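Chemist: Fold the following, please.
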Amino acid sequence: MTPLGALALFLIGVAASIFGSLVGLGGGFVILPILRIVFGLPPAEAAGTSLAMVLANTAAATFGYLRHRVVDLRLAIPLTIGAVPGSIAGVLAVQRFSSIGFDIAYGCVLIVNSLLVLRRRSLVSREAGERTFAHDPRVGVAAGFGVGFFSSLFGIGGGVVLIPVLLIGARMLPHIVTATSAFVITTTAPVGVVTHVLGGDVDWHFAVPLVLGGLAGGSIGPLIAKRVSSPRLITLLATALMLAAVGLALRHIF
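Modeler: You can find the predicted model right below:
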């Protein structure tokens with residue numbers, strides 16, 4: 001890869017990571033379509049490479065969120081426990097996807113989540129610290145498995161599960177959901193990354209500049225999140241999910 005190409009990937013990683021930190025999806029939902037549409041990486045390789053960047057991004061963001069004490073640790077621990085086996089299952093599942101099947105499945109997940117997020121705007125959030133059904137350890141472990149599975153399957157982190165469960169179902173504050181999602185991804189994504197690496201699914205020519213960009217962008221995201229209102233954060237998330245889905249669909253039309 002040329003130095004100019006590496007610089008472009010670094011800047012893409014920074015931009016995706018800042019936005020990913022704001023909405024709790026780790027930036028992978030931006031990187032994955034780029035790796036599939038622009039660079040044509042196969043599903044497993046795109047997922048593994050994207051997940052490496054997501055880990056760097058969320059690790060940097062989580063440090064900031066923990067420092068500002070917005071991570072719900074009572075909820076995060078059961079989620080983390082369930083996500084570990086889910087991460088391994090996700091890596092095994094992506095090997096069975098065809099290229100078009102992978103894009104269709106990912107696009108559907110994004111569209112469903114964007115519609116759920118838009119619906120969230122009409123709901124009233126609970127008070128910070130209020131206990132919800134999601135704090136039941138059984139629910140947390142089950143949801144955590146889904147987090148780990150989709151994190152490794154698509155290489156985008158577990159926000160696609162936590163957004164509907166925590167933001168819609170439990171009506172938790174968006175900033176707490178974002179921070180908790182980042183924490184869970186940080187503590188469980190290493191399992192998926194290692195499994196992808198062992199399977200030869202990480203292209204380091206792409207991963208290294210993206211990881212460096214993820215570290216830079218992830219440290220900036222929490223600072224911006226403090227200044228963004230919850231309704232605006234929800235709108236940003238829904239828009240981003242829709243755009244990513246449209247991008248994958250266009251890849252198979254043109």
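
Chemist: Show me how far stretch 194-209 is from its chain's centre.
Modeler: Chain-centre distance of stretch 194-209: 17 Å, with Cα atoms, centre = their mean, to the nearest Å.

Chemist: all helices for the stretch 101-250 of the chain, in order.
Modeler: 137-154, 159-162, 174-198, 204-225, 230-251 (DSSP state H, counting those that start in this stretch).

Chemist: TSV for those helices, including mean pLDDT?
Modeler: Conversion of the helices of the stretch 101-250 of the chain to TSV gives the following (pLDDT from 0 to 100):
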stretch	mean pLDDT
helix 137-154	89
helix 159-162	74
helix 174-198	85
helix 204-225	83
helix 230-251	72
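
Chemist: Relative to Ser17, which of those is closest?
Modeler: helix 204-225 (2.8 Å; Cβ to Cβ). Backbone N, C-alpha and C define where each C-beta goes, glycine included.

Chemist: Run through the neighbouring helices and strands of that closest one.
Modeler: helix 3-23, helix 43-67, helix 174-198 (3 or more Cβ pairs under 8 Å, 6 or more residues apart in numbering; DSSP states H and E).

Chemist: again, only using 7 Å
Modeler: Using 3 or more Cβ pairs under 7 Å, 6 or more residues apart in numbering; DSSP states H and E, the elements in contact with helix 204-225 are helix 3-23, helix 43-67.

Chemist: and the angle for that helix with helix 230-251?
Modeler: 160 degrees (axes from the mean of the first three to the mean of the last three Cα atoms, to 10 degrees).

Chemist: buried set for helix 204-225?
Modeler: 206-222, 225 (16 or more other Cβ atoms under 10 Å).

Chemist: if we can go back for a sec, could you dump the helices of the stretch 101-250 of the chain to TSV with distance to Leu92?
Modeler: Converted to TSV, these look like this (distance: least, Cβ to Cβ, whole Å):
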stretch	distance to Leu92
helix 137-154	9
helix 159-162	18
helix 174-198	8
helix 204-225	21
helix 230-251	22
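
Chemist: Name the stretch among the ones you listed that sits most buried.
Modeler: helix 159-162 (a mean of 28; mean count of other Cβ atoms under 10 Å).

Chemist: Could you give the separation of that one from the chain centroid?
Modeler: 7 Å.

Chemist: Report the separation between the closest residue to Cys108 other than its chain neighbours and Gly48.
Modeler: Among residues not flanking Cys108 along the chain, Ala245 sits closest, at 7.8 Å (Cβ to Cβ, 6 or more residues apart in numbering). Distance check for Ala245 against Gly48: by Cβ to Cβ, to the nearest Å, it reads 21 Å.
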